[in-house]
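> Pasting the sequence and the predicted coordinates here, then a few questions.
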Amino acid sequence: MLYKIKKIIFLLFGLFLLKTNGYGQLNRSYEDWFIGGHFGMTSLWGDVTDNDNHILPGGPFQSGFYQDRKIMWGVSAGKNISPVYSLRGQLLFGSITSHTIAEKQFMNSTVQDYSLIFNVDFIDLFDWATKSSWDFYGFAGLGLTRYRSTLSSSVVNDSIIDTSPNDPVKYNLNKYNSTFSIPFGLGVNYKIGNHWVVNAESSIRYVGTDWLDAIVSNKRSFEGFGFLSVGIIYRFDLPRGGSIWSRKSNHNFDAQRDNSSASYHDRRHNGSVSTDPFNNRSNKKSSVKIKSKRKKKTFKTPK
């Protein structure tokens, strides 16, 4: 499974490098930034699950798809590099729960995830539509996941079997374990006007540990969590010519740093002026044109 994740990441970055006409449409540094909020449900990919709530094989058409769901919410911010590519940072906060009937166990986890994600819009990438209000995109990235989990038995009064962090002292102090994560998935955007976007996304985050569900097992080699979400995004341009505060005070950063005028007057006062930084504008000819009178020819009368 990890090999497949690596293939997805290399494919997305390969599309970025091969799609040369995307470079001709790059947005300028202040153009097309965005912020957004997301809300959805989680699912576990690990040892303590029967896989009933995963998209494959049954998906939303099986009753188990809606079981073992916990709430997760998050915020994101980033920039549309071009109509095809975008880069965003995302913060997620929520919980995960899951159970397995065969082992009569269930787990609960509190999760925080911080990731940097690269998106590729397939509609614009392959020119499937012109000026479409829709985006259908794939994404992959790299992040950090913090988690705090418990594994319990459903046989003996829901007693706790193990915890993660594994050290009881750390667990009682509300400490978290940390590991790297690799988010990847698919999403859909629908643009409403020039600024607002409605978003739906399905993602999986592979984590570099077997302790997310508080048990180490060879039952499954892949461990992580899924996140199905909907959200809303606001697009905007940054101020041009400096920060918002500099624009309010009618100053420009270049003008504030330009002290050539003061330096020139000081050197003139000290009699050490060798060059005029203003290019001798005072000595230049006036821009007002004055018609010059022609000199009349004088003719001498022949003797």
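Happy to help now that I have it. Predicted model only: the values in this text are computed from it and were never measured. Numbers count the residues shown, from 1 in each chain.
> Q62 versus D52, what's the distance?
D52 sits 7 Å away from Q62, going by C-beta to C-beta, to the nearest Å. C-beta here means a position set from N, CA and C on the backbone, and glycine is covered the same way.
> Mind checking which of the two has more residues around it?
D52 (18 against 13; other C-beta atoms under 10 Å).
> how about that one, secondary structure?
coil (DSSP: H, G, I helix; E, B strand; the rest coil).
> contacting residues around it?
G58, Q62, G64, F65, Q67, D68 (C-beta atoms under 8 Å, 6 or more residues apart in numbering).
> pLDDT-wise, what's the bottom of the residues you listed?
pLDDT across these is lowest for G58, at 68.
> got any ranges where the stretch 101-250 of the chain has weak pLDDT?
128-130, 241-250 (pLDDT under 70).
> mind listing the strands for it?
105-121, 134-153, 160-164, 177-192, 196-207, 224-236 (DSSP state E, counting those that start in this stretch).
> Let me know which of those is the nearest to G89.
G89 lies closest to strand 105-121 among the strands of the stretch 101-250 of the chain, at 5.4 Å (C-beta to C-beta).
> which secondary structure elements does the closest one contact?
When contacts are defined as 3 or more C-beta pairs under 8 Å, 6 or more residues apart in numbering; DSSP states H and E, strand 105-121 packs onto helix 2-18, strand 33-45, strand 70-80, strand 85-100, strand 134-153, strand 177-192.
> Could you dump these into a markdown table with distance to R240 and mean neighbour count added?
A markdown table is the format used below for the helices and strands packed on strand 105-121 (distance: least, C-beta to C-beta, whole Å; neighbours: other C-beta atoms under 10 Å):
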| stretch | distance to R240 | mean neighbour count |
| --- | --- | --- |
| helix 2-18 | 27 | 13 |
| strand 33-45 | 13 | 19 |
| strand 70-80 | 15 | 17 |
| strand 85-100 | 21 | 20 |
| strand 134-153 | 26 | 19 |
| strand 177-192 | 23 | 18 |
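> Tell me which of those lies nearest to G226.
strand 33-45 (4.2 Å).
> Quick check: neighbours of that closest one in the sheet, parallel or antiparallel?
strand 70-80 (antiparallel), strand 224-236 (antiparallel) (DSSP bridges).
> buried residues in the longest one?
Going by neighbour count (16 or more other C-beta atoms under 10 Å), the buried part of strand 224-236 is G224, F225, G226, F227, L228, S229, G231, I233, R235.
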